[in-house]
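**Student:** Please work out how this folds:
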Amino acid sequence: MRSSDAIALIKQRINIVELINRFVPLKQVGSRFVAPCPFHEETKPSFSVNPDGYFYCFGCQKHGDIFDFWMEYHGVTFREALNQLAEMANVTVDETDRNPGAARRAKEQRSRREQLLHMYRLAQAHFQKNLFSAKGGACRAYMKSRGITEELLERFGLGWAMDDWHDLANHLKQMGCDLKLAAEGGLIGISSRTGQAYDPFRARLMFPIRDTSGTTIAFGGRIIDNTKDAPKYVNTTDSPIYKKGEHLYGPDRPYGAQKPCTSRKAIWTCSPCTSSASPTPWAALARRLRISRSSVFWGTRRQSCSSTMATTPGERQLSPPPQNFCHAAPHAGSSSSPRERI
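**Tutor:** The predicted model follows:
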């Protein structure tokens, strides 16, 4: 199906009210649905959604259809929005209406991305299996000592990377994966001396890092033996599906009225919300792992999310810090980093 036809069919199959309500709680007022705008900081419901297929904000004047909302809310290009919404609506987009060379490259790129996402699913399942194996006993004991419940474990998909140089690499090889592509995706490393694949994550509690749709695109790993001379936290390196400066930990998890933080290019000193009588799941996890309010996380933010926090010395204050900002990620650097306070 040509892109123009696919766009029309996607709009027919996806109800704009139902789609936006998944991310922004809407309230019906007459024939319209309203809410505080997710694209600028406000408390009044100036954001209006028309069931005919359009939204409009009387405050910031942002407007458009489901594609405009998806691009603005998730920070993606039109082509990415088209492909993601097409998959949601079970619509096939034909590439033949574009340049044949560009279509071929786009197909190859999608194929590589799909392979990487598949390998990340395999890796996450493998880490979770490791956690409940006999060799995962030390990690389970550590989690129990820190008060991490089974609910938190399942909610965040935590796992265990064995203290082995080849555990994940051998598993991916057995599953028929392209190890060179796995290395490009940050799952494994390739020795420059021997050319053999090895595991960069070893003896670590593993945190899947997901995008706003809940797809695992990277990992963060925390050591459980603080006596080792190793970085406390290590993150996946940048890859074709993960950019450290564009992703945060936990934007796919619902936090009550919290909205995923998906706007781009901001650096915040994030503090988990721990003062609430009903702490969020991230706050509970962060408290148990002693992630403090001064931990710095690179990523994205949405102005309508807010929290009591302050930047560390030397950090640029972009605007008045948001309140109740709960989206954060395990720090990507070593414990010697001046920005780490974990």
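**Student:** can you give me the strands in the stretch 1-150 of the chain?
**Tutor:** Ranges of strands within the stretch 1-150 of the chain are 27-29, 32-35, 47-50, 54-57, 63-64, based on DSSP state E, counting those that start in this stretch.
**Student:** now for the second one, which elements pack on it?
**Tutor:** In other words, strand 32-35. helix 16-21, strand 27-29, strand 47-50 (3 or more C-beta pairs under 8 Å, 6 or more residues apart in numbering; DSSP states H and E). In this view, the C-beta of every residue, glycine as well, is placed from N, C-alpha and C.
**Student:** what's the most buried one of those?
**Tutor:** Among the helices and strands packed on strand 32-35, strand 47-50 has the highest mean neighbour count (mean count of other C-beta atoms under 10 Å), at a mean of 20.
**Student:** ok, back up a step: just so I know, which of the helices and strands packed on strand 32-35 lies nearest Lys228?
**Tutor:** Closest to Lys228 of those is helix 16-21 (C-beta to C-beta; 46.7 Å).
**Student:** Remind me what that closest one packs against, helices and strands.
**Tutor:** By 3+ C-beta pairs under 8 Å, 6+ apart, helix 16-21 packs against strand 32-35, strand 47-50, strand 54-57, helix 66-74.
**Student:** Give me the mean pLDDT for that helix.
**Tutor:** Taken as a whole, helix 16-21 carries a mean pLDDT of 94.
**Student:** contacts for that helix?
**Tutor:** Contacts to helix 16-21, defined as C-beta atoms under 8 Å, 6 or more residues apart in numbering, come from residues 26, 33, 49-51, 53-55, 65-66, 69-70.
**Student:** are any of these buried, and which?
**Tutor:** Neighbour-count burial (16 or more other C-beta atoms under 10 Å) applied to these gives 26, 33, 49, 55, 66, 69-70.
**Student:** Now compare those and name the two farthest from each other.
**Tutor:** Phe33 and Trp70 (17.0 Å).
**Student:** Include mean pLDDT and distance to Ala125 when you put the strands of the stretch 1-150 of the chain into a markdown table, please.
**Tutor:** A markdown table is the format used below for the strands of the stretch 1-150 of the chain (pLDDT from 0 to 100; distance: least, C-beta to C-beta, whole Å):
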| stretch | mean pLDDT | distance to Ala125 |
| --- | --- | --- |
| strand 27-29 | 94 | 40 |
| strand 32-35 | 95 | 37 |
| strand 47-50 | 95 | 38 |
| strand 54-57 | 94 | 38 |
| strand 63-64 | 93 | 38 |
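**Student:** want to throw the helices and strands packed on strand 32-35 into TSV with distance to Trp165?
**Tutor:** Output for the helices and strands packed on strand 32-35, formatted as TSV (distance: least, C-beta to C-beta, whole Å):
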stretch	distance to Trp165
helix 16-21	45
strand 27-29	55
strand 47-50	52
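**Student:** Would you mind listing where this structure has pLDDT under the threshold?
**Tutor:** 1-2, 94-110, 250-342 (pLDDT under 70).
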